[in-house]
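**Student:** The sequence and its predicted three-dimensional model are supplied below.
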Amino acid sequence: MIIRIASRSILRNARRSTATIAAVAVGAVAMLSFSAFKNQTMIGLQTAIVERAGHLTIFREGYNDFGTANPAAYDIAGYTELLGTLRTDPELSPMINVATPVVALGGIASNFALDTSKTFAGQGILPSDRDKMQRWNEYGLSGGAFQTTGLRDDDSNRGVVGSGLARMLGFCEALGGQDCPRSAGHSAATDADKRDFTALVGSDRELNRTVSTTPRIDLLASTAGGAPNIVQMDIGQATKIGAKELDDSFVRMHIGLAQRLLYGNAEPRATSIDVQLHHTADLPAAIDRIKTLNRTGKLGLEVRDFAELTPSYGQIVGMYTAIFAFISIVIGIVVLFSIVNTMSMTVMERINEIGTSRALGFRRSRIGMQFLAEGVLLGTVGATAGVAIAVALVTTINGLGLSWMPPGATVPTPFRLLLAGQEASVFATWLALVLISVVATVLPAMRAARMTTVDSLRHV
């Protein structure tokens, strides 16, 4: 009976009720649309990181504190045995998509023909493993298009450089770059400098006399033993990294070339092992298992997940979470006052009705429950309509095939709002708006319940 009377009261004041329901619905659409955008941004950022470096990385203990200054001093000896352990472990094997070695190094990249050079930050990878990592698409954001490294396992002399580094070394046009600026010139090197560098370059060219028609640079670095070493690398392509400081120094090469540069003729090693899982949800279990293997085998390793290795990820997540919380609070306040205003006007217009009900024997609690039921119905209908509209809006936008350039991306990616799989978030938004409606109705309902019968009946 209470619900029936509340429904009739809502229909009797159709215009005001419609405005209130619309306010709640618009609030639900705004909250869910921004939530879907936040989910898309966060998952897109996570996907970009996981495609590039995996879910977690295994280092030798102390590498993150000191190893970036001297990677060779904190490398992993016998990394092939460690890879075998990871790939065959009965608990880890079903979780792992790719486990691949990485060699991080730095040095000087030079185009000897133009007497130009630039410091570089290099990475040696196994191309087939890295290409497989690039195809990771747990959340379906790629749209079927995957980037590749542009390298092959059977060509250890080819590498990729950042477009900024290619420009500085004079290879912009040769690598098909657009809007290549003309250099104003280079400072002349002394004859002594040229002779010193020529000796190193010549020693490498004696070992590799193959003629290449592709652009070629010389990479100079210090070996693990402290001696200078140089190798030549054919540049397969220049790529944009998304950050200028990286774009101006990035070099990616075959792991065999990186090991030859960093270790010379010594036993090849790896500075880290990147591990990509099939599902992000398995990350805590995978880390616990690797820590167990490290502890029982006394391997002297440490493991870090992608969030630890990419501090900006946590900062961006925190920023979007704060923005969503602020928007939700503002929308909640608007909905709250909208329903308070509607119910207060309803109480004022129905004072005689309240007096009649009291005269017929209805208790104060029954009067209060009737108005409370009206507020709950308004909130429930508005929130439900808002959820339905938001789902339809998200589905429509996703079907338009839009693309955008998210932060850190170098190529346009499909623009998708993600509500699928976020049922808990959708229900929480719906429930929050219904509860706000209940809270907004409490005061008007209490005011109606406290009215005296005589004063209500003689109200004009």
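**Tutor:** Yep, that arrived. Residues are numbered from 1 along each chain as shown.

**Student:** For V251, grab phi and psi.
**Tutor:** Dihedral pair for V251: phi -140, psi 130, per degrees, to the nearest 10.

**Student:** So in terms of bridging, what pairs with it?
**Tutor:** Residues in a beta bridge with V251, per DSSP bridges, are G122, V161.

**Student:** my guess is it contacts I125, does it?
**Tutor:** No. Between V251 and I125 there is no contact under CB atoms under 8 Å: 11.1 Å. (Each C-beta comes from the backbone N, C-alpha and C, glycine too.)

**Student:** Now do the SS call for G242.
**Tutor:** Under the three-state scheme (DSSP: H, G, I helix; E, B strand; the rest coil), G242 adopts coil.

**Student:** Tell me how many other residues surround it.
**Tutor:** Neighbourhood size, G242 [other CB atoms under 10 Å]: 16.

**Student:** Can you pull the phi/psi pair for it?
**Tutor:** Backbone torsions of G242, given as degrees, to the nearest 10, read phi 110, psi -10.

**Student:** gap between it and L393?
**Tutor:** Per CB to CB, to the nearest Å, G242 is found 30 Å from L393.

**Student:** pLDDT weak spots in the stretch 201-350 of the chain?
**Tutor:** The stretch 201-350 of the chain contains residues with pLDDT under 70 at 201-213, 346-350.

**Student:** Quickly list the domain ranges of this protein.
**Tutor:** With domains defined by automatic domain parsing, the chain comprises 2-46+314-457, 62-299.

**Student:** Let me have those domains in TSV, adding distance to A53 as columns.
**Tutor:** Below are those laid out as TSV (distance: least, CB to CB, whole Å):
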stretch	distance to A53
domain 2-46+314-457	11
domain 62-299	6
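
**Student:** R52 is nearest to which of these?
**Tutor:** For these, the distance to R52 is smallest for domain 62-299, at 7.6 Å, taking CB to CB.

**Student:** now do the same end-to-end measure for the closest one.
**Tutor:** One end of domain 62-299 sits 13 Å from the other (CA to CA, to the nearest Å).

**Student:** doesn't Q422 make contact with A390?
**Tutor:** No. Counting by CB under 8 Å, A390 does not reach Q422; the two are 11.0 Å apart.

**Student:** all strands of the stretch 201-350 of the chain, in order?
**Tutor:** Here the stretch 201-350 of the chain has its strands, by DSSP state E, counting those that start in this stretch, at 216-222, 228-239, 250-254, 272-277, 301-305.

**Student:** what is the orientation angle of the first one with strand 250-254?
**Tutor:** If I follow you right, that is strand 216-222. For strand 216-222 against strand 250-254, the angle by axes from the mean of the first three to the mean of the last three CA atoms, to 10 degrees is 90 degrees.

**Student:** Output strand 216-222 as PDB, nothing but the C-alphas.
**Tutor:** Written as PDB, here are the backbone C-alpha positions of strand 216-222 (Å, rounded to 0.1, in the frame of the first residue of the first chain):
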ATOM      1  CA  ARG A 216      75.100   2.100 -39.800                       C
ATOM      2  CA  ILE A 217      76.200   3.500 -36.500                       C
ATOM      3  CA  ASP A 218      79.100   2.700 -34.200                       C
ATOM      4  CA  LEU A 219      78.200   2.000 -30.500                       C
ATOM      5  CA  LEU A 220      81.000   2.600 -28.000                       C
ATOM      6  CA  ALA A 221      80.600   1.300 -24.400                       C
ATOM      7  CA  SER A 222      82.700   0.000 -21.500                       C
END
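
**Student:** Can you give me the buried ones in it?
**Tutor:** Going by neighbour count (16 or more other CB atoms under 10 Å), the buried part of strand 216-222 is R216, I217, D218, L219, L220, A221, S222.

**Student:** Give the other helices and strands that it contacts.
**Tutor:** Secondary-structure packing of strand 216-222 (3 or more CB pairs under 8 Å, 6 or more residues apart in numbering; DSSP states H and E): strand 96-111, strand 116-125, helix 191-207, strand 228-239, helix 255-263.

**Student:** Kindly report the same for the fourth one.
**Tutor:** The criterion is 3+ CB pairs under 8 Å, 6+ apart, and the helices and strands that strand 272-277 contacts are strand 56-60, helix 79-88, strand 96-111, helix 283-297.
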